[in-house]
Every structure is written in structure tokens, then in C-alpha cells.
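Chemist: how would this look folded up:
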Amino acid sequence: MPHRPAIAAITTIYHKYSHTQHIVDRFLEGYGWAGTHHHPPMDLVSLYVDQVGEGDLSRDRAERFPQMKIYPSIAETLTLGGDTLAVDGVLLVGEHGEYPTNEKGQRQYPRYEMFQEIVKVFEAGGRSVPVFNDKHLSWNWEWAREMYDTAQRLGFAFMAGSSLPVCWRYPPLLLERGVEIEEALVVGYGGLESYGFHALETLQCMIERRKGGESGIGAVRAVRGEAIGKTRAAGKWSLELLEAALAVLPEQHRRNVPILETLQKRGAVYLLEHRDGLRSSVVMANGVSAQFIFAAKLKGRKQPVATWFKLEEGKPYGHFEHLLRAIEHMIQTRRPAYPVERTLVTTGVLDRVMHSLADNGRRFETPELKIEYKASDWGFANDKS
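Modeler: Numbering: from 1, shown residues only. Next up, the predicted model:
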């Protein structure tokens with residue numbers, strides 16, 4: 001009988017609609033896939049929850065799924081109460097919960113600290129297993145880089161991010177590998193850090209397919225208020241691309257509001273200067289849109305290309321199912337479905353964005369973000385290629 005991998009989940013909180021519920025529940029209960037109910041070919045056997053309070057679901061799940069045991073420490077969750085590593089994969093879901101926010105608006109989720117505890121078990125036993133980290137690696141760039149370097153040093157498969165790169169796209173746009181992009185823009189919304197990461201990841205999963213692959217980021221700036229209009233007038237980002245992006249939305253998702261005026265009141269714009277000369281931007285369009293959209297001007301094409309990244313905004317939040325397929329692939333093959341460098345880049349950009357916003361739109365040069373990598377061919381929900 002084939003070996004069924006055993007996996008551990010290290011989480012901050014486990015309540016209704018938390019990322020832990022969306023991810024861990026699917027490993028326990030299975031999920032809908034291609035017209036059937038899919039059960040992951042692996043067993044979630046151990047769980048650590050950092051904050052247990054009102055609305056906690058972990059105890060209920062442990063009763064319903066007795067093969068999964070809750071442990072009081074991260075080390076015991078990975079060793080199953082023994083002396084050495086006893087699982088074949090780790091889920092690190094450090095999203096949601098009551099954690100402090102610093103003066104720059106960065107929520108200080110303990111992903112780095114949890115990762116360090118995981119690595120201690122790896123190093124003590126001389127063996128490592130694949131690790132998936134939900135969302136960006138850390139609120140702190142230096143810690144994120146250390147996480148990446150540690151995974152490289154120990155040689156374990158490391159994957160991170162959210163469901164945005166694998167959700168539905170309308171139209172189902174997949175840029176050709178090697179495409180020449182003259183300018184790119186993503187529309188985002190919501191919290192400037194929490195959803196700003198999603199917007200940056202949406203941007204990165206598209207532009208990483210350009211000619212030469214990703215070469216890194218040379219400078220980052222983020223602006224609000226009147227600086228949004230001034231940077232647009234200076235050609236730092238394109239209103240035409242923003243309008244092309246909004247045009248792909250279904251009518252019910254469009255808002256008849258003055259775009260620039262609304263952005264200057266409620267939004268923010270992140271300006272990225274890539275090392276290969278590409279200029280890209282993220283428009284956090286609060287009040288203008290509540291969707292994620294990508295648009296780009298390609299060399300040799302008169303009209304921009306654009307696509308709507310569609311999430312399932314109600315039950316069962318099916319975009320998580322496409323994320324789980326990628327996680328399952330990594331644990332089974334011990335190879336990431338897509339490069340963790342994508343998340344490393346977006347983590348670094350997001351950190352500098354939050355510093356820039358806190359410093360009145362200061363431009364930060366980013367030699368530390370000289371991160372080069374090539375895209376994978378892992379698809380998305382309605383990818384027909």
C-alpha cells in the first residue's frame with residue numbers, strides 16, 4: 001500500500017472563515033473538484049493553534065477527526081510528541097488573530113517565529129520536509145529573507161502565497177513566456193498591507209513571464225492623496241491602463257464614480273521600478289473597485305490586455321481549492337508548484353511600500369530586491385492551455 005504522507009498544521013487561530021479553516025478543513029474533510037468530492041492523498045495528523053478563544057473550531061475538529069491531535073507546542077506538533085520529526089509536510093498558516101500592528105501599519109503575525117521553531121526540529125533531526133507558508137513570508141523583510149535563505153540552506157521545498165495566482169481569470173489570460181511588457185498595472189482594494197499583498201502577488205504572477213523573467217526591483221514608492229494625481233500627470237502610472245482594467249469587469253462590479261477624485265480621497269498607488277526597465281504599479285482603488293484586475297501594454301499591440309482575477313466571494317470560497325491542489329503537489333513531489341521567489345519579491349516590495357506610506361511617499365531604492373527567477377507553468381482555475 002502506498003505511503004500516505006502525514007502533515008502538520010501550525011496556525012495562529014482557527015475560527016470560522018479564517019485561513020486556517022479554509023485550508024485545514026479541506027485537508028480534513030476534502031473538497032469539491034472536477035465534479036467529485038476530492039480527499040487529499042495525505043493525512044493531517046497534528047495541529048498547533050497559537051490563540052484559542054471564543055469561536056475556536058480546533059477542539060471540534062479534533063473530536064470529529066480523531067486522527068488529528070492538538071499539541072501544545074510547535075515542536076511536539078512536528079514530532080507527534082516524540083523526539084524527532086515525524087511528519088512529511090508542514091502547513092504554516094499565520095493569518096488572523098490578535099497580534100500587534102506597528103507604527104507603519106504592519107500586522108506583526110508570528111510567521112517568522114513559527115518558521116524558526118519548525119526549523120529547529122528539522123535541524124535537530126537532520127531531516128527536512130516541504131513547508132507551505134500562507135500569504136507573504138513576514139511583515140519584516142530581513143526576517144523574510146532569512147526564511148528563504150534557511151530553506152535554501154537546508155534544501156527543503158518551500159512554497160508560499162495565496163490563492164490569487166490560481167483563481168479564475170476572465171478572460172482566461174496567460175501571457176506568453178518571453179512576452180515584452182511595456183507597462184503593467186493591477187487594481188486592488190482593501191487594507192493597504194493585508195490586501196496590498198494580494199494585489200502585488202497578482203501583478204507578480206503575470207509579469208514574471210516576461211522576456212528574461214524576473215530580474216528584481218530597483219526602487220519602490222507608495223503615494224496617497226494629491227500625490228496620486230501628481231504621479232499620474234508625471235507619467236509614473238497610467239490612467240489608461242486603469243480604465244482598461246476596469247472595463248473587463250461585469251456591469252454589477254463597476255462603480256460610476258470620478259476615478260481620480262475617489263482615488264485621492266480613499267486609495268493609494270504603489271510604484272515599482274524593475275531592474276530591467278519595466279515600470280509597473282498597483283492601484284489600491286478603494287471606492288472605485290472591490291476586485292483584483294490586471295492590465296498591461298505589450299510591445300507590438302495597440303490595445304492593452306486585461307483580465308479580472310475572480311474570487312468566489314461566498315461559500316464555499318472555492319478559490320482555496322485551487323491553492324490546495326498546489327500544496328498537495330508540493331508535498332507529494334517535494335517540489336514547489338511555483339517559485340517561492342515570487343513571494344519573496346512581493347514580501348520585500350510590500351515591506352518597502354509600508355515604509356514609504358509611513359514616510360509621506362518617500363522613494364526607496366531597493367538593492368536588496370535583486371531577486372532573479374523564472375516562472376513555472378503551473379496553471380490557474382480556468383486555464384485552458
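Chemist: my guess is Pro40 meets Met330, correct?
Modeler: No: under the criterion of CB atoms under 8 Å, Pro40 is not in contact with Met330, lying 12.0 Å apart. Where C-beta positions appear, they are placed from N, C-alpha and C, glycine not excepted.
Chemist: Compare those two (neighbour count), which wins?
Modeler: The neighbour comparison of Pro40 against Met330 (other CB atoms under 10 Å) goes to Pro40, with 22 against 19.
Chemist: Flag every buried residue along stretch 28-36.
Modeler: Across stretch 28-36, burial judged by 16 or more other CB atoms under 10 Å covers Leu28, Tyr31, Trp33.
Chemist: Let me see the ranges of the strands in the stretch 51-200 of the chain.
Modeler: Along the stretch 51-200 of the chain, the segments classed as strands by DSSP state E, counting those that start in this stretch run 69-70, 89-93, 131-134, 158-161, 168-170, 181-188.
Chemist: Same check on the stretch 201-350 of the chain?
Modeler: With DSSP E, counting those that start in this stretch as the criterion, the stretch 201-350 of the chain has strands at 217-223, 268-274, 279-284, 292-298, 305-310.
Chemist: what's the pLDDT at Glu313?
Modeler: pLDDT, Glu313: 89.
Chemist: can you check Val269 too?
Modeler: Per-residue pLDDT puts Val269 at 98.
Chemist: In this structure it contacts Leu263, no?
Modeler: Yes: using CB under 8 Å, Val269 makes contact with Leu263 at a distance of 7.3 Å.
Chemist: and the helix ranked longest in the chain with strand 279-284, angle?
Modeler: Taking DSSP state H as the criterion, the chain has its longest helix at helix 340-358. Here helix 340-358 points in a direction 70 degrees away from that of strand 279-284 (axes from the mean of the first three to the mean of the last three CA atoms, to 10 degrees).
Chemist: Who are the packing partners of helix 340-358?
Modeler: helix 141-154, strand 158-161, helix 194-207, strand 217-223, strand 268-274, strand 364-365 (3 or more CB pairs under 8 Å, 6 or more residues apart in numbering; DSSP states H and E).
Chemist: Can you tell me what sits against the third one?
Modeler: When you say that, I think you mean helix 194-207. Residues outside helix 194-207 that contact it (CB atoms under 8 Å, 6 or more residues apart in numbering) are 107, 135-136, 161-162, 164-165, 173, 175, 181, 184-190, 214, 268, 270, 272, 274, 278, 280, 282, 284, 292, 294, 296, 309, 338, 342-343, 345-347, 349-350, 353, 375.
Chemist: which among these end up buried?
Modeler: Buried, going by 16+ other CB under 10 Å: 135-136, 161-162, 164-165, 173, 175, 181, 184-190, 214, 268, 270, 272, 274, 278, 280, 282, 284, 292, 294, 296, 309, 338, 342-343, 345-347, 349-350, 353, 375, out of the contacts of helix 194-207.
Chemist: could you check the distance from the closest residue to Arg254 other than its chain neighbours over to Arg209?
Modeler: Nearest residue to Arg254, sequence neighbours excluded (CB to CB, 6 or more residues apart in numbering): Leu246, at 6.6 Å. Distance, Leu246 to Arg209, by CB to CB, to the nearest Å: 23 Å.
Chemist: Look at the two and report which has more neighbours.
Modeler: Applying other CB under 10 Å to Leu246 and Arg209 shows that Leu246 carries more neighbours, namely 22 against 19.
Chemist: Distance check, that one against Lys302.
Modeler: As judged by CB to CB, Leu246 and Lys302 stand 19 Å apart.
Chemist: Then Asp359?
Modeler: Noted for Asp359: a distance of 39 Å to Lys302, by CB to CB.
Chemist: higher neighbour count, the two?
Modeler: A count of neighbours by other CB under 10 Å puts Asp359 above the other of Asp359 and Lys302, at 13 against 6.
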